Each structure stands twice: as C-alpha cells, then as structure tokens.
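**Q** Just to be clear, the model below is a prediction. Sequence and coordinates:
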Amino acid sequence: MSEEDFVELKFRLFDGSDMGPFRFSPASTVAMLKERIFAEWPKDKKFAPKSANDVKLISAGIILENNKTVAQCRMPFGELPKGVITMHAVVQPALAKSKTEKKVDETPKKSMCSCSIL
C-alpha cells in the first residue's frame with residue numbers, strides 16, 4: 001500500500017481540543033479507530049471513556065458504526081484534496097440498565113380498602 005492510500009484523521013474532543021492527526025489504512029474499521037482513541041485518550045481530561053465502546057465517532061453529522069471502514073466513512077470527502085479529516089469523538093457510556101427494565105419497589109405496600117354505601 002502506498003503512502004497516498006493512507007487517510008489522515010484527527011479527533012475533536014468535547015472540550016474543543018484535538019487528538020492526532022493519525023494515519024489509518026482505508027480498510028481500518030471504526031472499531032479500530034475507537035481502540036486507538038481509547039489508548040491515546042489524554043489522562044488530564046475530566047471525562048474519560050472506560051472502554052472503546054464508550055466512544056462515539058461522528059463524521060459529517062453521522063454517528064459511525066463499528067463495522068464500517070474508513071473508506072466507507074469518508075464518502076462525503078471523497079472529492080476533496082488530500083488533507084486531514086476531522087471527526088468528533090464523544091464519550092457516551094453504555095447505560096447501566098436498559099430502558100425496558102422497570103424499577104421494582106422492595107417495600108411492602110399496605111392494602112387499604114374503603115367502601116361507601118349510598
């Protein structure tokens with residue numbers, strides 16, 4: 001693979017600072033990008049991902065799926081001259097409980113009945 005085939009990406013964090021630029025093969029997946037971001041995450045940031053799955057990548061307003069390749073994600077930029085492509089990296093931890101689970105109240109409820117005879 002020639003040097004021209006690589007894509008340069010930088011990642012904009014929530015506070016406006018940037019990571020990179022890093023060079024990736026067009027065959028690299030979004031999951032591989034997330035692993036790199038997780039490994040290189042600045043230690044002085046207030047919010048940090050606990051795993052690579054906590055990182056969401058946004059490019060051209062679209063949240064990128066883990067199984068997509070860099071080549072598939074850069075479609076809107078395909079005709080632009082060679083340069084660094086900026087993607088937004090957002091920390092979004094996985095929810096502890098799914099939305100379908102309902103809170104179960106452990107305290108026993110007192111039954112009260114009232115009847116009215118008219």
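**A** Happy to help now that I have it. Numbers count the residues shown, from 1 in each chain.

**Q** From P49, how far off is V91?
**A** Distance, V91 to P49, using Cβ to Cβ, to the nearest Å: 5 Å. Where C-beta positions appear, they are placed from N, C-alpha and C, glycine not excepted.

**Q** sorry, that was for K34
**A** For K34, the distance to P49 (Cβ to Cβ) stands at 9 Å.

**Q** and F47, backbone torsions?
**A** Torsion angles at F47 (phi, psi; degrees, to the nearest 10) stand at phi -100, psi 130.

**Q** Would you point out which residue is most central in this structure?
**A** K56 (0.9 Å; Cα atoms, centre = their mean).

**Q** Name the helix or strand for that residue, please.
**A** Counting by DSSP states H and E, the element that carries K56 is strand 55-59.

**Q** on contacts alone, who are the packing partners of that strand?
**A** When contacts are defined as 3 or more Cβ pairs under 8 Å, 6 or more residues apart in numbering; DSSP states H and E, strand 55-59 sits against helix 30-40, strand 84-91.

**Q** Okay, buried residues for the first one please.
**A** So that's helix 30-40. Buried positions in helix 30-40, judged by neighbour count with 16 or more other Cβ atoms under 10 Å: V30, A31, M32, L33, K34, E35, R36, I37, F38.

**Q** And the shortest one, by the same measure?
**A** Of the residues in strand 84-91, those buried by neighbour count under the rule 16+ other Cβ under 10 Å are I85, M87, A89, V90, V91.

**Q** could you dump those residues to CSV with pLDDT and distance to I62?
**A** Listed next are those as CSV, based on pLDDT from 0 to 100; distance: Cβ to Cβ, whole Å:
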residue, pLDDT, distance to I62
I85, 81, 13
M87, 86, 10
A89, 88, 14
V90, 88, 13
V91, 87, 18
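
**Q** Excluding residues flanking it in the chain, which one is nearest R36?
**A** Spatial nearest neighbour of R36, excluding adjacent residues (Cβ to Cβ, 6 or more residues apart in numbering): F22 at 6.4 Å.
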